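In: sequence below, structure please.
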Amino acid sequence: QQPVMTTLLERIESKRDDMVDLTQALVRIPSVNPPGDAYTPCVELIGNRLKRRGFDVMYYRAEGTPGDTDEYPRMNVVARIEGRRPGPCVHFNGHIDVVEVGAGWSTDPFAGVIRDNRIYGRGACDMKGGLAASIVAMEALLELHPNFPGAIEISATADEETGGYGGVAWLAEAGIMASPRIDHVIIPEPLNKDRVCLGHRGVWWAEIETFGRIAHGSMPFLGDSAIRHMFAVLDAFEQRLYPALGTKRTNMPVVPDGARSSTMNINSVHGGQGEHFSGLPAAAVADSCRTVIDRRFLIEEDITDVKAEVRDILEHLRSHRDHFRYELRDLFEVIPTMTEREAPVVTAVSRAVQKVLGKPPQLVVSPGTYDQKHIDRIGRLNNCIAYGPGILDLAHQPDEYIDIDDMVISARVMALAAYELLFGAA
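Out: Below is the predicted model:
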């Protein structure tokens, strides 16, 4: 097996410039979500490339999913190449959407500038560099081993940054990214080249609205401020909920360490008059105030209990605070998931990391969710992990970048892991 490993690693090194060119080409397509710009040219770039290399290419529009319109179609591409004899299907999945640019960049976020052996740009790290690395890795494998068994698939999908419902979720529901059609899934998210990510914490998003009574701002005693009621909610969170969350710890290997506790972020607060007006505000007591909470919970917690903690605080306020009224609305929820450490895809990628880096990988769990949730829950395929180049902390930041050497290293790992999953362990 040593010649197999050596020739494969050498072939990937010879494709370094091609990997860089592909990453730059992807970064230069501003596939910002929301609203879902430029999905079609992005998937066509990938689909056309893989078609030239012998893949059967299918495009799928996830019609009817959140955000899908004729102006912003939720486009996905799935490319498949069959082997010469029966065997497992190894699938690489990457999302094409990127978040808004934001302020603070020192370079054009969609130029794909190379500086200090790094490619800079929105989405370079999360996760167009990883997607490019997986494509080049599979191309190298096919060039050296065209008689492989089974099948290789590569997909580029929409909307991961907003929940994945127009991408992997839709494909899983359609039976495309699901068992038994596929057997092993590797998602090259930026979890660092020496880590294998087994899964993620759970998430519950909810909106809380408090209600008041409008009145003249010079006579607030004639009204009832919804903003003051919301302040009481937030204060109760500070006094009761946050201290309780800090005491909850998980046995999941979540990184960074702070995410091994339960957490909750106040995503937004909006009360009173709208923000988009010119001139001075009117004197009015706010009759509505809304906040969105982002609660991340552990595999040891039950989603029913997670919701009850918030509702109990709100009910206590209704019982003890004059005129307190509220509504609590579910927005989004995902149960925690974690692939078994002994799963074939985990052991194959771990052995590949050992061969390439000379040390075993760190097995981790992500603090936030990614598209593994849909492959697990909808596609009913537990043999899924995230492994790819890039530093997680750089995702969504200004001056986001991907290190070129890390891309090459990760491509080597992905190629060796795919070889083992297709041909068997050495």
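In: for Q239, what are phi and psi?
Out: Phi and psi for Q239, reported as degrees, to the nearest 10, are phi -80, psi -30.
In: how much space between it and I313?
Out: Relative to I313, Q239 is positioned 9 Å away (C-beta to C-beta, to the nearest Å). Every residue, glycine included, has its C-beta placed from N, CA and C.
In: the two - which one has more neighbours?
Out: Per other C-beta atoms under 10 Å, whichever of Q239 and I313 has more neighbours is I313, with 18 against 10.
In: quick check: the more buried one touching L234?
Out: No. I313 is not in contact with L234 according to C-beta atoms under 8 Å; the separation is 10.3 Å.
In: could you pull out the helices for the stretch 301-426 of the chain?
Out: Secondary structure of the stretch 301-426 of the chain (DSSP state H, counting those that start in this stretch): helices at 303-320, 344-357, 372-377, 404-423.
In: what's the second one packed up against?
Out: Same thing as helix 344-357. Helix 344-357 sits against strand 184-187, strand 195-200, strand 384-386, helix 404-423, with contacts defined as 3 or more C-beta pairs under 8 Å, 6 or more residues apart in numbering; DSSP states H and E.
In: so what's the residue most central in space within the chain up against?
Out: What sits nearest the mean C-alpha location of the chain, by C-alpha atoms, centre = their mean, is Y370, with 3.3 Å. If you count contacts by C-beta atoms under 8 Å, 6 or more residues apart in numbering, Y370 has them with E160, G164, I187, E189, H200, A386.
In: between those, which is nearest E209?
Out: Each of the contacts of Y370 was scored against E209 by C-beta to C-beta, and G164 proved nearest at 26.7 Å.
In: how many neighbours does that closest one have?
Out: Count around G164 with other C-beta under 10 Å applied: 27.
In: spit out the contact partners of the closest residue to it other than its chain neighbours.
Out: In space, G164 comes closest to D371 once its chain neighbours are excluded; the distance is 4.7 Å by C-beta to C-beta, 6 or more residues apart in numbering. Contacts for D371 (C-beta under 8 Å, 6+ apart) come out as N93, H95, T157, E160, G164, G167, V168, A169, I187.
In: buried sites along the helix or strand where Y59 lies?
Out: Using DSSP states H and E, Y59 maps to strand 56-61. By neighbour count with 16 or more other C-beta atoms under 10 Å, strand 56-61 contains the buried residues V57, Y60, R61.
In: gap between the residue nearest to the centre of the chain and E13?
Out: Y370 sits 29 Å away from E13, going by C-beta to C-beta.
In: then I96?
Out: From I96 to E13 the distance is 26 Å (C-beta to C-beta).
In: compare the two (neighbour count), which wins?
Out: The residue with more neighbours, out of I96 and E13, is I96; 31 against 13, by other C-beta under 10 Å.
In: which stretches of the chain have low pLDDT?
Out: Low-confidence regions of the chain, defined by pLDDT under 70, span residues 1-2, 426.
In: from the middle of its chain, how far away would stretch 103-114 be?
Out: Taking C-alpha atoms, centre = their mean, to the nearest Å, the mean C-alpha location of stretch 103-114 is offset from the chain mean by 22 Å.
In: might one say that H270 is in contact with A286?
Out: No. Using C-beta under 8 Å, H270 is not in contact with A286; the gap is 9.8 Å.
In: the more surrounded of the two?
Out: Higher neighbour count among H270 and A286: A286, with 25 against 17, using other C-beta under 10 Å.
In: assumed the more buried one was part of a helix.
Out: No. According to DSSP: H, G, I helix; E, B strand; the rest coil, A286 belongs to no helix; its state is coil.
In: so where do the helices sit in the stretch 1-150 of the chain?
Out: 2-14, 16-27, 39-52, 129-144.
In: so which elements touch the third one?
Out: For helix 39-52, the contact count by 3+ C-beta pairs under 8 Å, 6+ apart identifies helix 16-27, strand 56-61, strand 75-82, helix 129-144, strand 149-157 as packing neighbours.
In: looking at these, which is buried most?
Out: Among the helices and strands packed on helix 39-52, helix 129-144 has the highest mean neighbour count (mean count of other C-beta atoms under 10 Å), at a mean of 26.
In: pull the CA atoms of stretch 152-169 into CSV?
Out: Output of stretch 152-169 as CSV, limited to C-alpha atoms (Å, rounded to 0.1, in the frame of the first residue of the first chain):
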residue,chain,number,x,y,z
ILE,A,152,-17.9,8.6,-5.8
GLU,A,153,-20.2,11.6,-5.4
ILE,A,154,-19.6,15.3,-5.0
SER,A,155,-22.3,17.8,-4.2
ALA,A,156,-22.4,21.6,-3.9
THR,A,157,-25.5,22.7,-2.1
ALA,A,158,-27.4,25.8,-1.1
ASP,A,159,-28.4,27.6,2.1
GLU,A,160,-26.3,25.9,4.8
GLU,A,161,-25.8,29.3,6.4
THR,A,162,-29.5,29.7,6.9
GLY,A,163,-30.4,26.2,7.9
GLY,A,164,-29.8,24.1,4.8
TYR,A,165,-33.4,23.6,3.9
GLY,A,166,-32.9,24.6,0.3
GLY,A,167,-29.9,22.3,0.0
VAL,A,168,-29.0,19.2,1.9
ALA,A,169,-32.4,18.9,3.7
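In: how long is stretch 91-106 from one end to the other?
Out: Length of stretch 91-106, first residue to last, C-alpha to C-alpha, to the nearest Å: 36 Å.
In: what sits closest to I81 if chain neighbours are left out?
Out: Counting by C-beta to C-beta, 6+ apart, the residue nearest I81 is F55, at 4.7 Å.
In: er, L357 I mean
Out: Using C-beta to C-beta, 6+ apart, the nearest residue to L357 is D194, at 5.8 Å.
In: got the contact list for the one you found?
Out: V353, L357, K359, P361, Q362.
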